[in-house]
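Student: Below are the sequence and a predicted model; questions follow.
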Amino acid sequence: GESVGLHLPTLSVQEGDNSIINCAYSNSASDYFIWYKQESGKGPQFIIDIRSNMDKRQGQRVTVLLNKTVKHLSLQIAATQPGDSAVYFCAEKITGGGNKLTFGTGTQLKVEL
Amino acid sequence: GAGVSQSPRYKVAKRGQDVALRCDPISGHVSLFWYQQALGQGPEFLTYFQNEAQLDKSGLPSDRFFAERPEGSVSTLKIQRTQQEDSAVYLCASSSQGEAPGYTFGSGTRLTVV
C-alpha cells in the first residue's frame, strides 16, 4: 500500500552544521505532515508541522519544506547540537482517512562533537 | 498529570498469556490513539477513541487485540493469547481536539513475548 518513507536511514553531522532529513510520500491525498523526534526509550515528540497548502514553515532552528510536485518533505535543523541526536520520523495524515497518522521508518541523526 | 502516562513501562509475557496495557491521557483530552512500534520501525496506527467512542479500529492486527475507554479518560489495550510477533512498543497519544496537531505521545510500554 501507499506509505511514507525516508531516503537516508542514518545521518551523521558535525556539531554546528546544518542537518537535512528527507522524506518521500506517495499518497497525493495527504493534507497534513508532521515531523517527530524520538529519543531512546521515549515516545515521539512533535517538532513541526505543515499543511499541504503551504510550501515552507519555520520554527525555532527548524524548517520544513514541502514539494508536492515530487511528493517530497524535508526537515532542516540549523546549527545542529548534540541534543538533536535522535531518530526523526515524518508522518502524514490523509484527507478522509480519519485522524490517524502514517509514519515513515525513521532517520537516525548522529551529531559528532 | 503533565503528560501521557503509560504503564507498565516494560512487560514480559509468556506466549499465550493475556496482557493489559494502560494509558492515562492528558486531563481533558478527548482524543486518544494507540500505536504499535516494532524495533527500528515507525509507529503504526492501531485504534482511535473520541471520548468513550472507538471511532476507528482498522489498525488492530487481529481479534486478539481489544481496546477500551469506558469513561472517556483512561484506556486499556488488551492482547489475548500473546504471540512472539506481538513484541513491540505500544504507544498511546492524546489530543485536545479531533485533529492530529495536538498529539502528545506517552513513553510507551515495551512488550516482550517469550
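Tutor: That came through fine.
Student: where's the residue nearest the centre of chain B relative to chain A, distance?
Tutor: Nearest to the geometric centre of chain B sits residue B:34, at 3.5 Å (CA atoms, centre = their mean). Computed as CB to the nearest CB, to the nearest Å, the residue B:34 to chain A distance reads 10 Å. All C-beta spots, glycine's among them, are computed from the backbone N, C-alpha and C.
Student: how close does residue B:21 sit to chain A?
Tutor: 14 Å.
Student: how far is the host helix or strand of that residue from where the chain is centred?
Tutor: For residue B:21, the host element (DSSP states H and E) is strand B:19-24. Chain-centre distance of strand B:19-24: 7 Å, with CA atoms, centre = their mean, to the nearest Å.
Student: Which SSE is immediately downstream of that strand?
Tutor: strand B:31-37.
Student: and the angle for that following strand with strand B:19-24?
Tutor: On the basis of axes from the mean of the first three to the mean of the last three CA atoms, to 10 degrees, strand B:31-37 is oriented at 140 degrees to strand B:19-24.
Student: Dump the C-alpha coordinates for strand B:31-37 into CSV.
Tutor: The C-alpha trace of strand B:31-37 is given here as CSV (Å, rounded to 0.1, in the frame of the first residue of the first chain):
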residue,chain,number,x,y,z
SER,B,31,-9.0,12.1,21.6
LEU,B,32,-6.9,9.0,22.3
PHE,B,33,-4.8,6.9,20.0
TRP,B,34,-2.9,3.6,20.2
TYR,B,35,0.1,2.9,18.0
GLN,B,36,2.4,-0.1,17.8
GLN,B,37,6.1,0.4,17.1
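Student: partner strands of it, parallel or antiparallel?
Tutor: strand B:44-50 (antiparallel), strand B:88-95 (antiparallel) (DSSP bridges).
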